[in-house]
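1. Let's see this in three dimensions:
(one chain, ligands or ions: 1)
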Amino acid sequence: MTSPKVSLRPIVISGPSGTGKSTLLKRLFSDYPDSFGFSVSHTTRAPRPGEVDGVAYHFVDRPAFDKLVQENSFLEHAEFSGNCYGTSIKSVKDVAEKGKTCILDIDMQGVISVKNTNLNARFLFLAPPSLDILRARLEGRGTETPESVQKRMDQASKELEFAKTGAHDKTIINDDLDRTYEELKAFIFDK
Ligand SMILES: Nc1ncnc2c1ncn2[C@@H]1O[C@H](COP(=O)(O)OP(=O)(O)OP(=O)(O)O)[C@@H](O)[C@H]1O
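-> Predicted coordinates for the structure are as follows:
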């Protein structure tokens, strides 16, 4: 597919878990493999066989990770099963350095963080047609326990409230996937 010109300003896509962000981004990356990139995260977990430092992750030890936290280098960071993960501001800038538009799939805390940087990002909110449909998608994905569905539904309400504050440049409701994808592209290739 020929790639229309796209700005190197990072694009932040947020929205409740299960709204369809990964589905849409997979399609975008597959249709335009040379135009977009994800930032490379930092982690304190050990590399798995075949994982290259700086490609899969930036592998760092705990003191180095803590130092980056102290220096406010991360847009977001969290600990999962004893390992730390973080998205650095620099890793987002590195994508543009390579001539690609960085796409950030992050939650509302991440949106607030990005707004407090000089990344000059554009913000897209992907909304579900309704909370009932969101629940059905989460259940239909087959990846969640009933508890984790409930946790995501609780968080979804907070994300939807946050979107009402006007923090995003555009909101798209993901009802019909093909139509949503066209709207997503219109937003992305707009500038
Ligand atoms: N427009 C749509 N109509 C029907 N089903 C959809 C639509 N978009 C996505 N789905 C389905 O909804 C489920 C959730 O989508 P997806 O995993 O892409 O959500 P997500 O926003 O990336 O969630 P997370 O933040 O948890 O990664 C998937 O099973 C996907 O196939």
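2. Contact residues of this protein facing the ligand?
-> Taking CB under 6 Å from any ligand atom as the contact definition, the chain meets the ligand at 17-23, 137, 140-141, 174, 177, 180. Quick note: C-beta positions are derived from backbone N, CA and C, even for glycine.
3. which among the residues you listed end up buried?
-> Restricting the residues of the chain next to the ligand to buried positions leaves S17, G18, T19, G20, K21, T23, R137, N174, T180, with burial counted as 16 or more other CB atoms under 10 Å.
4. Dump the residues of the chain next to the ligand into JSON lines; add secondary structure, distance to L126 and pLDDT as well.
-> Conversion of these to JSON lines gives the following (DSSP: H, G, I helix; E, B strand; the rest coil; distance: CB to CB, whole Å; pLDDT from 0 to 100):
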{"residue": "S17", "secondary structure": "coil", "distance to L126": "11", "pLDDT": "96"}
{"residue": "G18", "secondary structure": "coil", "distance to L126": "10", "pLDDT": "96"}
{"residue": "T19", "secondary structure": "coil", "distance to L126": "5", "pLDDT": "97"}
{"residue": "G20", "secondary structure": "coil", "distance to L126": "6", "pLDDT": "97"}
{"residue": "K21", "secondary structure": "helix", "distance to L126": "6", "pLDDT": "97"}
{"residue": "S22", "secondary structure": "helix", "distance to L126": "10", "pLDDT": "96"}
{"residue": "T23", "secondary structure": "helix", "distance to L126": "10", "pLDDT": "97"}
{"residue": "R137", "secondary structure": "helix", "distance to L126": "12", "pLDDT": "94"}
{"residue": "G140", "secondary structure": "helix", "distance to L126": "17", "pLDDT": "93"}
{"residue": "R141", "secondary structure": "helix", "distance to L126": "15", "pLDDT": "91"}
{"residue": "N174", "secondary structure": "coil", "distance to L126": "6", "pLDDT": "98"}
{"residue": "L177", "secondary structure": "helix", "distance to L126": "11", "pLDDT": "98"}
{"residue": "T180", "secondary structure": "helix", "distance to L126": "8", "pLDDT": "98"}
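5. Now the element after the top helix by length along the chain, going C-ward?
-> Ranked by number of residues, the top helix in the chain under DSSP state H is helix 146-163. The helix or strand immediately downstream of helix 146-163 is strand 170-173, counting by DSSP states H and E.
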